[in-house]
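[1] my questions concern the predicted model and sequence given below.
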Amino acid sequence: MARRPRFLLLALLSCLLPITTTRSAQMATPAHTINVALAPDGEALCEDFEVTVGGNPVPVYSCRVSAMPFNQVWPGYQRPVDQTELAGFAYWDADGSAPVEVVCHRPIESVEVRPRSFSITPQVEGNRIRFDLAPPRGVVVEVNGPHGALHLFPSPLETDAPQAEGPGLIYFGPGVHRPGRVTLESNQTVYIAPGAVVYGGIHATGASNIKILGRGIIDLSPFERDQGGGNIRLTDCDNITIDGVVMRDPDVWCCSLFGCRNATISNVKLIGLWRYNADGIDVCNSQNVTIEDSFIRSFDDSIVVKGLKFRGDLPVKNIHARGCVIWNDWGRAFEIGAETCAPEISNVLFEDSDAIHTVHIALDIQHGDRAAVRNIVFSDIRVETDAHAPAPRLQQSPEDTYTEDPQDTFCPHLMVIHIQGTMWSADTQRGTARNVLFKDIQVLGPVMPTSFFRGADEQHTVEGVRIENLRLNGEQLTDAGKARLEIGAHVGEVVFER
């Protein structure tokens, strides 16, 4: 499948004329416009970085992220803060390429701008880092490695942003808001303006024609685990649009759909997912869902397609994720499962995306229940590896601590198909996996990950797997040995194609 064209990188003209308003700053030239929203008074900002875009200062917000791949599953467990660290993120709108300058308040030994597939080579002078960046996808600036990173979220210019008043509109203007849980009804829109921080979740059940729009931040940090229900949680809803917002620090799964239909999630940014069970986007027993041009840094699974028991009568069909950048701190980057309680999970496409960090598995079908899983495609996905990556560990007691080994050569799995009951299985019967395609998968980095395919038994098998144009740093891998692929029991023919 051909890769979609990215925005053309154009040099921003030097004669930038600033225009300021009460809560935002806008810069315009005959060719380009950059919109930057001021941070609300009292909002915590990151102390490690200063960012300007086209010469215009951009607020750098603070967020908490996981510092180590360390997890536990005790009932009622929550990760302690000493397993986390602070990082920064900034957002703005632009209609083309813009010069970015980052001032780092730490000594700089190395700088990498990820994803690597964007081919951004920064200029570093002293403590200043410069490069050009175009919408719509996010990037990460890693100074001296991945800890304390800076996440940058450019977006296309907003069009038709709603005004502060209107029928069916819930409007959060610039500033801090603490509404608690916001419940949407049919034909309603929530708009979160640039420069707004909303401390609360947005939920709906049985609603149709609903929208969650804007550029501001939805934050669940005041809520204890299981008390907020996630930043966005929609159940049995139809005709859904989620666009542009930043979601920070969920108490559980961040953005989840249960039994929903006809949903588009675009240009969202998920950051600060450090808590136990902090998934990114979960699509459960839903149909006709598109996720596109988004950035997700999650502790647990990042984009995951599931079948859950409480909606297990509904199939999962026609799910399309494209144009996403993923940083996964514990679980899986692109996953089906582990819960697969549904009549079928079919026509799922993950494409044209980057996994810049992964801990367990990059491309995963973890099949633990009864569904007929079929017609699954992973296409044009770039997976980055590093020479050194800390190995994941389960915490054995509250006193157990994580010690990172500088010599660790751990590498996550690349491709996995596994039919097996798990601790999350709701069905006693296992399912099957049919017609799975891995196409144009590129591994970028010094280490080739291992992969494995395994069925459950003679009735619950993996059949019809094709691997087309698998590459490590441009070199094509044409057989299981070169691909470091283990083909286990109850797996039909696996075909490599150039």
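    Received the coordinates, thanks. Residues are numbered from 1 along each chain as shown.
[2] so who does residue 452 touch?
    Residue 452 sits next to 413, 416, 418, 485-488 when contact means CB atoms under 8 Å, 6 or more residues apart in numbering. From N, CA and C alone the C-beta is placed, and that goes for glycine too.
[3] which strand residues bridge it?
    With DSSP bridges as the criterion, residue 452 is bridged to residue 416, residue 486.
[4] how about residue 425, nearest residue that isn't a chain neighbour?
    Nearest-residue entry for residue 425: residue 368, 4.2 Å, with adjacent residues in sequence omitted and distances by CB to CB, 6 or more residues apart in numbering.
[5] can you give the domain ranges for this structure?
    Domain assignment for the chain by automatic domain parsing gives 33-155, 169-395+404-497.
[6] span of the shortest one from start to end?
    Using CA to CA, to the nearest Å, the end-to-end distance of domain 33-155 comes to 12 Å.
[7] swap in stretch 301-319?
    Taking CA to CA, stretch 301-319 runs 16 Å from one end to the other.
[8] so for it, what gets flagged as buried?
    By neighbour count, with 16 or more other CB atoms under 10 Å as the criterion, the buried positions of stretch 301-319 are 301-308, 311-312, 314-319.
[9] tell me the one of the residues you listed nearest residue 217?
    residue 302 (19.3 Å; CB to CB).
[10] show me where pLDDT drops low in the protein?
    1-31, 136 (pLDDT under 70).
[11] do you know how far the most centrally placed residue in it is from residue 280?
    Nearest residue to the geometric centre of the chain (CA atoms, centre = their mean): residue 296, 2.0 Å. Residue 296 is 4 Å from residue 280, where distance means CB to CB, to the nearest Å.
[12] if I look at these two, which residues touch both of them?
    270, 302-303, 326.
[13] in strands, which of those residues fall?
    Among the shared contacts of residue 296 and residue 280, the members falling in strands (DSSP state E) are 270, 303, 326.
[14] would you turn the contacts of residue 452 into JSON lines with neighbour count and distance to residue 168?
    Below are the contacts of residue 452 laid out as JSON lines (neighbours: other CB atoms under 10 Å; distance: CB to CB, whole Å):
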{"residue": "413", "neighbour count": "20", "distance to residue 168": "46"}
{"residue": "416", "neighbour count": "23", "distance to residue 168": "44"}
{"residue": "418", "neighbour count": "22", "distance to residue 168": "45"}
{"residue": "485", "neighbour count": "21", "distance to residue 168": "52"}
{"residue": "486", "neighbour count": "14", "distance to residue 168": "54"}
{"residue": "487", "neighbour count": "15", "distance to residue 168": "54"}
{"residue": "488", "neighbour count": "12", "distance to residue 168": "53"}
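[15] where along the stretch 351-498 of the chain do the strands fall?
    Assigned by DSSP state E, counting those that start in this stretch, the strands in the stretch 351-498 of the chain fall at 361-367, 372-384, 393-394, 413-419, 432-444, 451-454, 462-468, 470-472, 475-477, 485-487, 494-497.
[16] in stretch 392-405, what counts as buried?
    392, 395, 402.
[17] and if you look at stretch 491-498?
    491, 494, 496.
[18] distance check, the second one against residue 448.
    Note on residue 494: its distance to residue 448, by CB to CB, is 17 Å.
[19] and residue 165, which of the three is it?
    coil (DSSP: H, G, I helix; E, B strand; the rest coil).
[20] show me what contacts it?
    residue 171.
[21] if we can go back for a sec, possible to save the shared contacts of residue 296 and residue 280 as CSV with distance to residue 473?
    Listed next are these as CSV, based on distance: CB to CB, whole Å:
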residue, distance to residue 473
270, 29
302, 24
303, 25
326, 20
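[22] mind listing what residue 419 touches?
    So residue 419 contacts 367, 430-433, 454-456, 460-462, 490 (CB under 8 Å, 6+ apart).
[23] what's the closest non-adjacent residue to it?
    residue 456 (4.1 Å).
[24] and the one you found, what are its phi and psi?
    Backbone torsions for residue 456, taken as degrees, to the nearest 10, come to phi -100, psi -50.
[25] these two touch, right, it and residue 490?
    Yes. At 6.3 Å, residue 456 counts as touching residue 490 under the criterion of CB atoms under 8 Å.
[26] quick one, which of these two is more surrounded?
    residue 456 (20 against 17; other CB atoms under 10 Å).
[27] got a list of what that one touches?
    419-421, 430, 490.
[28] rebuild the ones in strands among the shared contacts of residue 296 and residue 280 as TSV, extending it with distance to residue 90.
    Output for these, formatted as TSV (distance: CB to CB, whole Å):
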residue	distance to residue 90
270	15
303	23
326	19
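[29] go through these and say which is closest to residue 61.
    residue 270 (13.6 Å).
[30] right, and the closest one touches residue 256 too?
    No. Using CB under 8 Å, residue 270 makes no contact with residue 256, being 11.7 Å away.
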